[in-house]
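Peer 1: Got a predicted model here, sequence first, then my questions.
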Protein chains: 2
Amino acid sequence: MSSVHLVEVGPRDGLQNENKTLRVEEKVELITRAVDAGVRRIEAVSFVNPKRVPQMAGAEEVMAAVPRRADVSYIGLVLNRRGLDRALQSGVDEVNVVVVSTEEFSQRNQGCSVAEGISAAVDIVRDARAAGAFTTVTIATSFGCPFSGEVKASWIGEIIAQLVAGSAPDEIALADTIGVGVPAQVRALAALASEEAPGVPQRWHFHNTRNTGYANALTALDVGATALDASIGGFGGCPFAPAATGNIASEDLIYMLGRSGIETGVDMDVLIKAADWLGVALAKDVPGQLGRAGGFPSR
Amino acid sequence: MSSVHLVEVGPRDGLQNENKTLRVEEKVELITRAVDAGVRRIEAVSFVNPKRVPQMAGAEEVMAAVPRRADVSYIGLVLNRRGLDRALQSGVDEVNVVVVSTEEFSQRNQGCSVAEGISAAVDIVRDARAAGAFTTVTIATSFGCPFSGEVKASWIGEIIAQLVAGSAPDEIALADTIGVGVPAQVRALAALASEEAPGVPQRWHFHNTRNTGYANALTALDVGATALDASIGGFGGCPFAPAATGNIASEDLIYMLGRSGIETGVDMDVLIKAADWLGVALAKDVPGQLGRAGGFPSR
């Protein structure tokens, strides 16, 4: 693998668990900074109930204000039919539908059973595609669940099989929602996903909660990932591990990939400045390390 | 690779760049906690000039007080002949001799040229082994130098060849002193080291300064590492990147290895408690993440 798409999820996952809620114009600035860095896929908004996740309010206003370019694809996260309707009306290029693999997490996060979530995702994918949107299904808690612990890779394979049998998405994303995964799991899940959904591109979503996120990302690339989620500054986190850091940081990922000869088209220095800016906006230290450490020393 | 030795370097690398200098009894407590966690190789002391590195003062007193067990091996770091004499007198089991691969760093760190450093290491290895100590040569700045930038893997191979031609150590350690390395470099260096020093065990030393340390560690295992350095809590750091974190954290490494089915014999929970204790002793936040995030969730 000599190139990969960075999917910037900072505007969505990076912000949804922060205490401070950014204003619409701040969200648009974050997105614009990602575009300026060279990122071409951005998970910009989440069409969840703003009463339940106030950090994600104003999704329509954000989408109305982002810089529109033919080469930039905006992703809206949706959990249900109502979210899909909002996403399509707001003009997203892609819809990312979340299915949770474990019952208690699914009930808490989506308000439905796993089976109901799979069924809803099949319908949403069909309708989103009919409306011309690129479709991703993200399988949350693919590496472990805060409530039920171990999640068998074979069960994730079974979910993928059911999704594909219903209405295959354009992309499958495997998410380590709580940051417990290790590279051996990445390899097992990639093999199962390729078996159950041959030819469907695999996107991966890692949190660095236990310092395994970057090793997981590189392993995913090694087994054929076409896209990796990351968030500017590594903000975000998990409501079930309040003190832990969030997504892998975009700038740190770009450092590792760049030094590994893997092309992304993304400018690390622009990301570092964006992370600094976001730290100020959120009034938080930046979890990502590149801003502090600096890039590879020049002679 | 289904098992690996964790080399706890917290008492040495973890402390040598901290503003606060631990008392001898605190250093002994840190070492004892590592032993209690199941660690069997511990870089306990550094025989450098205490005027230059006051954090490392009292090495003889530390060695006189550590718990002596047949199954625990204590390592003393040495830079020169004077250090070797002190190390042997203090009764270390192993001597770790540092050679720096780049001229300016070598002059600043060792006060000698690279060629002089290699020559000194050959002599020290010969004499240390004659005295019954296990010998390691660590090649610092193997992945990059804060002053000269890129370090060619072929040059590290040449240094290894010169060491082996002089007096082959029992172990070669490849160190990413400033935390710039990526897994592709680990693979290149491992291949060269195996070529120049066939059969000599490879130990690796990673800093997580740019969030690549754990990916590097897992890659090193993949290419046959027999030992990995880590420090309790991930303390330590680099005088050339003051705000950056230090070594990979022992507890975070054990989490990743344990979840990967790689045996170390080390108890992660005991390490987490030791990291908490060390954070209090150093009056610093713990860089390692496991203490905050907790282990894999139990059902």
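Peer 2: Yes, it's here. Numbers count the residues shown, from 1 in each chain, chains lettered A, B, ... in the order given.

Peer 1: When you work out contacts or count neighbours from here on, use the C-alpha atoms and nothing else.
Peer 2: Will do.

Peer 1: Before we move on, what's the pLDDT of the nearest residue to residue A:54 once chain neighbours are set aside?
Peer 2: Spatial nearest neighbour of residue A:54, excluding adjacent residues (CA to CA, 6 or more residues apart in numbering or on different chains): residue A:21 at 7.3 Å. With respect to pLDDT, residue A:21 has a value of 92.

Peer 1: any idea whether residue A:21 is helix, strand or coil?
Peer 2: Three-state call for residue A:21 (DSSP: H, G, I helix; E, B strand; the rest coil): coil.

Peer 1: For it, grab the count of nearby residues.
Peer 2: Look at residue A:21: counted by other CA atoms under 10 Å in any protein chain shown, it has 18 neighbours.

Peer 1: List the contacts of it.
Peer 2: Applying CA atoms under 8 Å, 6 or more residues apart in numbering or on different chains to residue A:21 gives the contacts A:15, A:54, A:55, A:56, A:282.

Peer 1: So which bits of the stretch 151-299 of chain A are right by chain B?
Peer 2: A:180, A:182-184, A:209-212, A:214-216, A:218, A:241, A:243-244, A:252, A:255-256, A:259-260, A:289-290, A:292-293, A:296-299 (CA under 8 Å from any CA of the partner chain).

Peer 1: Can you go through these and name the buried ones?
Peer 2: The neighbour count (16 or more other CA atoms under 10 Å in any protein chain shown) marks A:180, A:182-183, A:209-212, A:214-216, A:218, A:241, A:244, A:252, A:255-256, A:259-260, A:289-290, A:292-293, A:296 as buried among these.

Peer 1: circling back: and of the contacts of residue A:21, the nearest to chain B?
Peer 2: Using CA to the nearest CA, residue A:15 is the member of the contacts of residue A:21 that lies nearest chain B, at 19.1 Å.

Peer 1: next one: phi and psi at that closest one?
Peer 2: phi -110, psi -20 (degrees, to the nearest 10).

Peer 1: do the same with residue A:122
Peer 2: phi -60, psi -50.

Peer 1: now do residue A:146
Peer 2: Backbone dihedrals for residue A:146, given as degrees, to the nearest 10, come out at phi -70, psi -20.

Peer 1: Would you check that it makes contact with residue B:293?
Peer 2: No: the criterion here is CA atoms under 8 Å, and residue A:146 misses it with residue B:293 at 11.2 Å.

Peer 1: quick one on the thing from earlier: now, which of the buried ones among the residues of the stretch 151-299 of chain A next to chain B lie within helices?
Peer 2: Among these, the members found in helices (DSSP state H) are A:183, A:214, A:215, A:216, A:218, A:252, A:255, A:256, A:259, A:290, A:292, A:293.

Peer 1: now for the residues you listed, which pair is the farthest apart?
Peer 2: A:183 and A:292 (26.6 Å; CA to CA).

Peer 1: For the stretch 101-250 of chain A, which segments count as strands?
Peer 2: Ranges of strands in the stretch 101-250 of chain A, per DSSP state E, counting those that start in this stretch, are A:134-140, A:171-176, A:202-206, A:227-230.

Peer 1: quick one: the third one to strand A:134-140, angle?
Peer 2: Put plainly, it is strand A:202-206. Strand A:202-206 runs at 40 degrees relative to strand A:134-140, counting by axes from the mean of the first three to the mean of the last three CA atoms, to 10 degrees.

Peer 1: for strand A:202-206, packing partners?
Peer 2: Helices and strands touching strand A:202-206, as assessed by 3 or more CA pairs under 8 Å, 6 or more residues apart in numbering or on different chains; DSSP states H and E, comprise strand A:171-176, helix A:213-222, strand A:227-230.

Peer 1: next one: that strand to chain centre, how far?
Peer 2: Relative to its parent chain, strand A:202-206 has a centroid offset of 7 Å by CA atoms, centre = their mean, to the nearest Å.

Peer 1: May I have that strand as PDB, with CA atoms only?
Peer 2: C-alpha atoms of strand A:202-206 as PDB (Å, rounded to 0.1, in the frame of the first residue of the first chain):
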ATOM      1  CA  GLN A 202     -12.200  -1.100   4.000                       C
ATOM      2  CA  ARG A 203     -12.000   2.000   6.100                       C
ATOM      3  CA  TRP A 204     -10.700   1.900   9.700                       C
ATOM      4  CA  HIS A 205     -11.400   4.100  12.800                       C
ATOM      5  CA  PHE A 206      -9.000   4.000  15.700                       C
END
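
Peer 1: Show residues contacting it.
Peer 2: With contacts defined as CA under 8 Å, 6+ apart, strand A:202-206 is touched by A:171-177, A:179, A:190, A:193, A:213-214, A:216-217, A:220, A:224-230, A:247-248.

Peer 1: number of nearby residues for the nearest residue to residue A:282 once chain neighbours are set aside?
Peer 2: Spatial nearest neighbour of residue A:282, excluding adjacent residues (CA to CA, 6+ apart): residue A:20 at 6.0 Å. Per other CA under 10 Å, the neighbour tally for residue A:20 reads 14.

Peer 1: likewise residue A:86?
Peer 2: So residue A:86, with other CA under 10 Å, has 18 neighbours.

Peer 1: now the closest residue to chain B within chain A, nearest residue through space, not along the chain?
Peer 2: Going by CA to the nearest CA, chain B is nearest to residue A:215 of chain A, at 4.0 Å. Leaving out its chain neighbours, the residue that sits closest to residue A:215 by CA to CA, 6+ apart is residue B:215, at 4.0 Å.
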